[in-house]
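**Student:** Structural data only, the sequence is not supplied:
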C-alpha cells in the first residue's frame, strides 16, 4: 500500500511539472499578428523619446495614405492642445518593414510594407517642458478604424503661441466617427523594433485574425493530452511482484511453511515407529 502511494505521488509530481512547463511556454508564445490595414508604422519623434528643440511638425507614418477626414491632435503637459492642422507629406522608405495580414481565398496571408505615408501635424507652439501626446484617428481602405496615440517628453525651450492663434477644440467629423464606430483598432506588427530603447505606449496587444485560432488553444490542447497520457500510464502501471517467487492468484490459500502442501482431505499415513528390540 505504501509503495503504491509513493508511485501515485511520483506520477502526480511529474504531471504538475509538465503542466507548469507547458503553461509557461503558452504564456510566452507571441500573439498572432493583427489583420487590420493602414496602421501606424513609425513617427517623428518616436514614442517614448526626448525632444530637445522645438519642432514645427510631428510626422505620423502609416502603411497607407490616411483618410482625407482623419483627425489628429497634440496635447501639452497642461492638457491644452497645441496642434494647428495637418497635411500630407512625402512618403519615405521605412527603416524596418511592417507586416500586415490580408484575407486571400479564406486564408490570412502576410504582406510587407516598406513605405510610410505621412500625416504632418503642425505644432503651433511649445508652452512648457513635459510630456506631450499625439493622437490619431482615421479609417483604412478595408473600412477598419485606425486609432492610437504616442507620447514623448519635451525638454527644449518654451515658445510663444502665434498671434491670434487659439487652441483648437474640434473633434473628429461625424462621418469619420460613423465609419470608425464599431470597428476594432489594432496595431501592425513591425518585423523589428524601430528603436530598441522605445516601446510604443499606445499600441494595443495584437489580436488574432478573424476566423483564426487563438494563440492559447494549442498549448491548452497539449496540456490536456499530456495530462491524459500520464493518468492512463499511472493506472496501467503493473503492481510489484512479491519477492521470493511468482505472485499467487487473488483468493488463493496461503502456502504452508516448511514443505509442500498436501491435498485437501489427505491423512497422515506415516508408518508406526517400531520399538528397539
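**Tutor:** Thanks, I have it. If you're wondering where the values come from, they're calculated on a predicted model, not measured in any experiment. Numbering: from 1, shown residues only.

**Student:** Neighbouring strands - and their directions - for the helix or strand containing residue 108?
**Tutor:** Under the criterion of DSSP states H and E, residue 108 resides in strand 107-123. Its sheet considered, strand 107-123 pairs with strand 57-62 (antiparallel), strand 83-88 (antiparallel), strand 92-104 (antiparallel) by DSSP bridges.

**Student:** So for the longest one, mean pLDDT?
**Tutor:** For strand 92-104, the mean pLDDT works out to 86.

**Student:** now the first one
**Tutor:** Averaged over strand 57-62, pLDDT sits at 97.

**Student:** outside of it, which residues touch it?
**Tutor:** 38-45, 66, 72, 74, 89, 92, 94, 116-123, 134, 136, 138, 146, 150 (Cβ atoms under 8 Å, 6 or more residues apart in numbering). For the C-beta atoms, the positions are set from N, CA and C on the backbone; glycine is no exception.

**Student:** Run through the strands of the stretch 51-200 of the chain in chain order.
**Tutor:** Along the stretch 51-200 of the chain, counting by DSSP state E, counting those that start in this stretch, strands occupy 57-62, 71-75, 83-88, 92-104, 107-123, 130-139, 145-154, 189-190.

**Student:** remind me which residues of the protein are low pLDDT?
**Tutor:** Residue ranges of the chain with pLDDT under 70: 1-36, 182-223, 225-228, 230-277.

**Student:** re the thing from before, of all the strands of the stretch 51-200 of the chain, which one is nearest residue 181?
**Tutor:** strand 145-154 (8.1 Å; Cβ to Cβ).

**Student:** Quick check: buried residues in the closest one?
**Tutor:** 145, 146, 147, 148, 149, 150, 151, 152, 154 (16 or more other Cβ atoms under 10 Å).

**Student:** if we can go back for a sec, I'd like to know which of the contacts of strand 57-62 are buried.
**Tutor:** For the contacts of strand 57-62, buried by 16+ other Cβ under 10 Å: 38-45, 66, 72, 74, 89, 94, 116-123, 134, 136, 138, 146, 150.

**Student:** Settle this for me: residue 112 is touching residue 97, isn't it.
**Tutor:** Yes: if you go by Cβ atoms under 8 Å, residue 112 and residue 97 touch, sitting 4.6 Å apart.

**Student:** Give me the more crowded residue out of these two.
**Tutor:** More crowded of residue 112 and residue 97, by other Cβ atoms under 10 Å: residue 97, with 16 against 11.

**Student:** nearest spatial neighbour of residue 140, skipping sequence neighbours?
**Tutor:** Distances taken as Cβ to Cβ, 6 or more residues apart in numbering put residue 38 closest to residue 140, at 3.1 Å, once the chain neighbours are dropped.

**Student:** What separation is there between the one you found and residue 72?
**Tutor:** In this view, residue 38 and residue 72 are 14 Å apart by Cβ to Cβ, to the nearest Å.

**Student:** Give me the nearest residue to residue 80, chain neighbours excluded.
**Tutor:** Nearest to residue 80 is residue 167, by Cβ to Cβ, 6+ apart, at 5.0 Å.

**Student:** picking up where we left off before, ok, and which of the strands paired with strand 107-123 has the densest surroundings?
**Tutor:** strand 57-62 (a mean of 23; mean count of other Cβ atoms under 10 Å).

**Student:** From the opening residue of stretch 82-95 to its closing one, how far?
**Tutor:** Terminal residues of stretch 82-95 lie 29 Å apart, using Cα to Cα, to the nearest Å.

**Student:** just checking, residue 52 touches residue 155?
**Tutor:** Yes: under the criterion of Cβ under 8 Å, residue 52 makes contact with residue 155 at 5.3 Å.

**Student:** what's the straight distance from one end of stretch 52-59 to the other?
**Tutor:** 16 Å.

**Student:** and if you look at stretch 59-74?
**Tutor:** End-to-end span of stretch 59-74 (Cα to Cα): 11 Å.

**Student:** before we move on, what about stretch 99-111?
**Tutor:** First residue to last in stretch 99-111 (Cα to Cα) measures 6 Å.
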